[in-house]
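K.L.:
Below is the structure, and that's it, no one-letter string:
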């Protein structure tokens, strides 16, 4: 039975960028759609696609949108190099392995699917009758939607992201308040992790829309970047503070496992507690935890990551770092008298800012 390699998310995103609005290839595709001629375009290395070709014309010329548009008026397929910078063949008949399974019914789309699976390349099929542009990449089939539809979806996703980010801000402010009062429960930590992951998942969906929008997605991307400032870094800092057994590798592994959680596990606080190293049956409201200090220290301006690690290594907890005197702070490697005073003042400002954010 024929088996094809599973396409990664990065490979699919690269394919979407190749045909996004603003690219020369997308200009050609749009012209073909408007002309209702249909087309079958393969982007592949010559040595891969050569065994599948029959007849046609060998061109070997530099890619230009209007040339591709004119060549699409012929019945056969068009073959470009993998980078899409040269047109190698036109009006060719493609003969993929007929035993490769296909779910398509139309001849053009069925051929496109089999070619993509057989040589693991990007194939674009444009239906003459339905104005549908389909991308085939290995085992992936993706239909390009109208730009107006994607813009609408991205706008709705941004509104959802704003609501979730607002909730994340609330639980993050609450966690900070509990840290200053040395009254953090595991429940406070789990809520921040849960909301962070939800925000990151919505952002990931919007990132896909931005890729598909190409040059039309600049404003969406600007809004996304503004909303996502420090979200990933804060999530990592929370893990560095509260993982039961802390190490750099453990933090990275926990991030990976969080990313792979299904939606049902993500809404389960007991499952999240397991990821942090606690028993699944633990009552998170009754478990008192203390931060190491990574999250709060990184909020102090001009404090290098190496110095933060030295401070955490010296004091072991945020509370001990906050209660340390200037003399005790400046003993730490990388912390002189001036930086020690900045750290003390930074903690005071952070506490005042937290009060202001909580009570207005």
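P.N.:
Yep, that arrived. These numbers were taken from a predicted model, which means no experiment stands behind them.
K.L.:
Report how many residues lie close to residue 97.
P.N.:
11 (other CB atoms under 10 Å). Every C-beta, even on glycine, is put in place using the N, C-alpha and C of the backbone.
K.L.:
same thing with residue 342?
P.N.:
By other CB under 10 Å, neighbour count at residue 342 equals 17.
K.L.:
is it true that it touches residue 300?
P.N.:
Yes. If you go by CB atoms under 8 Å, residue 342 and residue 300 touch, sitting 7.1 Å apart.
K.L.:
Common neighbours of these two, please.
P.N.:
Counting by CB atoms under 8 Å, 6 or more residues apart in numbering, no residue touches both residue 342 and residue 300.
K.L.:
check contacts around the closest residue to residue 308 other than its chain neighbours.
P.N.:
Spatial nearest neighbour of residue 308, chain neighbours left out: residue 297 (4.6 Å); criterion: CB to CB, 6 or more residues apart in numbering. Residue 297 is in contact with 303, 308, 311, 312, 318, 321, 343, counting by CB under 8 Å, 6+ apart.
K.L.:
which of the residues you listed has the most neighbours?
P.N.:
Using other CB under 10 Å as the neighbour test, the contacts of residue 297 are led by residue 311, with 26 neighbours.
K.L.:
what helix or strand is residue 59 on?
P.N.:
strand 57-62 (DSSP states H and E).
K.L.:
For that strand, which helices and strands make contact with it?
P.N.:
On a contact count with 3 or more CB pairs under 8 Å, 6 or more residues apart in numbering; DSSP states H and E, strand 57-62 meets strand 86-94.
K.L.:
make it 10 Å
P.N.:
Counting by 3 or more CB pairs under 10 Å, 6 or more residues apart in numbering; DSSP states H and E, the packing neighbours recorded for strand 57-62 are helix 65-71, strand 77-80, strand 86-94.
K.L.:
Tell me which of the ones you listed approaches residue 277 most closely.
P.N.:
Of all the helices and strands packed on strand 57-62, strand 77-80 sits nearest to residue 277, with 51.1 Å by CB to CB.
K.L.:
farthest-separated two in the contacts of residue 297?
P.N.:
Distance extremes for the contacts of residue 297: the farthest pair is 303 and 318 at 13.6 Å, using CB to CB.
K.L.:
So for these two, which residues contact both of them?
P.N.:
With contacts taken as CB atoms under 10 Å, 6 or more residues apart in numbering, residue 303 and residue 318 have 297, 311 as neighbours in common.
K.L.:
What separation is there between the residue nearest to residue 308 and residue 318?
P.N.:
8 Å (CB to CB, to the nearest Å).
K.L.:
Residue 221 too?
P.N.:
Counting by CB to CB - residue 221 and residue 318 are separated by 35 Å.
K.L.:
what's the most buried one of the helices and strands packed on strand 57-62?
P.N.:
Ranked by mean neighbour count under mean count of other CB atoms under 10 Å, the helices and strands packed on strand 57-62 are led by strand 77-80, which reaches a mean of 25.
K.L.:
pLDDT of that one, averaged?
P.N.:
Average pLDDT, strand 77-80: 97.
K.L.:
Sheet-wise, list the partners of that strand with their directions.
P.N.:
Applying DSSP bridges, strand 77-80 is found paired with strand 39-43 (parallel), strand 86-94 (antiparallel).
K.L.:
closest to residue 355 out of these?
P.N.:
Per CB to CB, nearest to residue 355 of the strands paired with strand 77-80: strand 39-43, 57.5 Å.
K.L.:
Return the distance of the closest one from the chain's centre.
P.N.:
Relative to its chain's centre, strand 39-43 lies at 28 Å (CA atoms, centre = their mean, to the nearest Å).
K.L.:
Same check on stretch 202-214?
P.N.:
Centre-to-centre, stretch 202-214 and its host chain are 8 Å apart (CA atoms, centre = their mean).
K.L.:
Pull out the buried positions in it.
P.N.:
The neighbour-count check on stretch 202-214 (16 or more other CB atoms under 10 Å) flags 202, 203, 206, 207, 208, 209, 210, 211, 212, 213, 214 as buried.
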